[in-house]
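[1] attaching a predicted model along with its sequence, questions to come.
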Amino acid sequence: MATISIGMPVYNGERFLAPALDAVLAQTYGDFELLIGDNGSTDDTEVICRDYAARDARIRYHRHPQNIGAAANYNDLFARATAPYFRWNNADDLVDPTLHEKCLAALKRHPDAVLAAGTTVLINEDGATLRFYNDDLHITDRRPSDRYRRFLRQVGLTNVLYGLMRRENLVNTELMGDGSLPSADTILMADLLFQGTFVMLDEPLFYRRMHDDSNSADRDDQDWQEHFWSAGRRDLNRPEWRRMFAYRRAIARRALPVREKLSAYRTLLRLVWSYRSDLGREVVNPSY
């Protein structure tokens, strides 16, 4: 059994797929399996994946007969993984060759950590640097409620989702949900912090490609978000209400001391209050 499993979801990714695969295969820590979940692509994604899989036995390629949505594809990749450590790797992003080596070492140094990641560089379609992004999610507070509060205050882009995580912690979450929550990645990261800390390494290890077809391109386009997360099978009306209830489920699911659970609920209530205008508009207009 490999030490690390990498789940690579892809849908019509021929444009950036080969560089993403090359970056994973160039890792200095090579004891990994690379699981590719092809979401029914209609371009040359399948040809590229099968060619790489034929050349490297660490690659396992699975093709869904149709698009099942990003959430289900992410979750399916985790279900197929066998290693004690796991990370997702989008088919358009790049990673430093030392990501596995350095993040694994960090997790072994910090047994209380559930996730280790480096800093992020945002790149364009051609791979040129747009800017360095300060994730600011080195969260090592002792109390789970403090980690939860700090995360909600500091999170922006959830780049840490592509760091290295412990499988034993991920399995105790809702992962990416059922496709009805466009902020499932943020909910997952908040949920993980109830179980342990985040260790951020002060060096760029993740290169996030920003382009017109990425999920980050237009988070306000409801039709696009529904297509991306659930292939149009789920209604994403009232996204802020859905997000707040998902945060509540994460708290309720945790076996925390009463004081900690109450503190987490108070943090959530403050978040609800800060979004009261958006939540009110969603009551009047569900598709807002």
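    On my side now, so go ahead.
[2] rest of the way, CA atoms for contacts and neighbours
    Noted.
[3] quick check: longest strand of the protein.
    With secondary structure taken from DSSP state E, the chain has its longest strand at strand 197-209.
[4] same for that strand, what does it pack against?
    Under the contact criterion of 3 or more Cα pairs under 8 Å, 6 or more residues apart in numbering; DSSP states H and E, the helices and strands touching strand 197-209 comprise strand 94-95, helix 99-109, strand 113-123.
[5] the residue nearest the centre of the chain: what's it in contact with?
    When the chain is reduced to its mean C-alpha position, the closest residue under Cα atoms, centre = their mean turns out to be residue 161, at 3.4 Å. For residue 161, the residues meeting the contact criterion (Cα atoms under 8 Å, 6 or more residues apart in numbering) are 87-88, 185, 189.
[6] try 7 Å this time
    Residues in contact with residue 161 (Cα atoms under 7 Å, 6 or more residues apart in numbering) are residue 185.
[7] would you reformat the helices and strands packed on strand 197-209 as JSON lines and include mean neighbour count, distance to residue 259 and mean pLDDT?
    Conversion of the helices and strands packed on strand 197-209 to JSON lines gives the following (neighbours: other Cα atoms under 10 Å; distance: least, Cα to Cα, whole Å; pLDDT from 0 to 100):
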{"stretch": "strand 94-95", "mean neighbour count": "25", "distance to residue 259": "40", "mean pLDDT": "98"}
{"stretch": "helix 99-109", "mean neighbour count": "18", "distance to residue 259": "28", "mean pLDDT": "98"}
{"stretch": "strand 113-123", "mean neighbour count": "24", "distance to residue 259": "22", "mean pLDDT": "97"}
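[8] out of these, which comes closest to residue 1?
    Of all those, it is helix 99-109 that lies closest to residue 1, at 16.0 Å by Cα to Cα.
[9] show me what that closest one is packed against.
    If you count contacts as 3 or more Cα pairs under 7 Å, 6 or more residues apart in numbering; DSSP states H and E, helix 99-109 packs onto strand 113-123.
[10] off-centre distance for the strand it packs on?
    11 Å (Cα atoms, centre = their mean, to the nearest Å).
[11] okay, now the unreliable bits of this structure?
    Counting by pLDDT under 70, the chain contains low-confidence ranges at 213-224, 226-227, 229-234, 286-288.
[12] at 90 instead, please
    Of all residues in the chain, those with pLDDT under 90 make up the ranges 1, 134, 177-183, 211-239, 284-288.
[13] could I get the full set of strands for it?
    Shown for the chain, the strands assigned by DSSP E span residues 4-10, 32-38, 59-63, 85-88, 94-95, 113-123, 129-133, 164-166, 197-209.
[14] now do the second one against strand 59-63, angle only.
    Yep, that's strand 32-38 we're talking about. 20 degrees (axes from the mean of the first three to the mean of the last three Cα atoms, to 10 degrees).
[15] give me the residues contacting the longest strand of the chain.
    Around strand 197-209, the neighbours that count as contacts under Cα under 7 Å, 6+ apart are 92-96, 99, 112-125, 137-140.
[16] give me the angle between that strand and strand 113-123.
    20 degrees.
[17] what would the strands of the chain look like in JSON lines with distance to residue 74?
    Compiled in JSON lines, the strands of the chain are given as follows (distance: least, Cα to Cα, whole Å):
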{"stretch": "strand 4-10", "distance to residue 74": "6"}
{"stretch": "strand 32-38", "distance to residue 74": "8"}
{"stretch": "strand 59-63", "distance to residue 74": "12"}
{"stretch": "strand 85-88", "distance to residue 74": "8"}
{"stretch": "strand 94-95", "distance to residue 74": "18"}
{"stretch": "strand 113-123", "distance to residue 74": "17"}
{"stretch": "strand 129-133", "distance to residue 74": "24"}
{"stretch": "strand 164-166", "distance to residue 74": "14"}
{"stretch": "strand 197-209", "distance to residue 74": "17"}
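[18] so which of those is nearest residue 178?
    With Cα to Cα as the yardstick, what comes closest out of the strands of the chain is strand 4-10 (15.8 Å).
[19] the closest one - contacts with which helices or strands?
    For strand 4-10, where contacts count as 3+ Cα pairs under 7 Å, 6+ apart, the packed elements are strand 32-38, helix 70-80, strand 85-88.
[20] dump those to CSV, plus mean neighbour count and distance to residue 3.
    Conversion of these to CSV gives the following (neighbours: other Cα atoms under 10 Å; distance: least, Cα to Cα, whole Å):
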stretch, mean neighbour count, distance to residue 3
strand 32-38, 24, 6
helix 70-80, 20, 14
strand 85-88, 23, 6
